[in-house]
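# predicted coordinates and the sequence they were generated for:
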Amino acid sequence: MDKNMTTTCFTLDGYRVVRNLGVVRGIIVRSRSIFGTMGAALQTVVGGDITILMELCEKTRAGAFDMMVDHATERGANAVIGISYDATEVMQGVTEVLCYGTAVEVDRIAEA
């Protein structure tokens with residue numbers, strides 16, 4: 001599935017939903033390493049962006065998104081609409097990141 005066929009909206013411009021294939025999700029549970037925690041603590045002393053944690057967060061979100069797209073592809077979808085993220089700390093230093101949406105089959109709307 002083309003990742004450009006994903007959106008947080010419930011419609012895709014120029015397409016119509018012809019079949020709803022249900023909820024799809026990608027879940028990553030990740031912890032910080034002791035080195036990452038120490039590096040982030042050092043960066044807080046200096047101030048500004050905490051790049052170590054930013055990279056970890058972005059990598060985790062991207063992984064959850066990719067898993068959701070794979071789940072949608074397995075269901076036969078060519079698009080995912082209504083995408084959202086959620087994060088929960090499941091224990092100290094361990095976070096679950098969930099990316100979910102609705103897998104759909106869409107057709108291009110013919111222009112008049």
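On my side now, so go ahead.
# surely residue 89 meets residue 95?
Yes. Assessed by C-beta atoms under 8 Å, residue 89 is found in contact with residue 95 at 5.3 Å. For every residue, glycine as well, the C-beta is placed using N, CA and C.
# doesn't residue 67 make contact with residue 99?
Yes. At 7.2 Å, residue 99 counts as touching residue 67 under the criterion of C-beta under 8 Å.
# give the next helix or strand downstream of the helix or strand of the chain with the lowest mean pLDDT.
When each helix and strand of the chain is scored by mean pLDDT, DSSP states H and E, helix 34-46 comes last, with a mean of 56. Using DSSP states H and E, the helix or strand that follows helix 34-46 in sequence is helix 51-74.
# who are the packing partners of that following helix?
Helices and strands touching helix 51-74, by 3 or more C-beta pairs under 8 Å, 6 or more residues apart in numbering; DSSP states H and E, are strand 15-31, helix 34-46, strand 79-91, strand 94-108.
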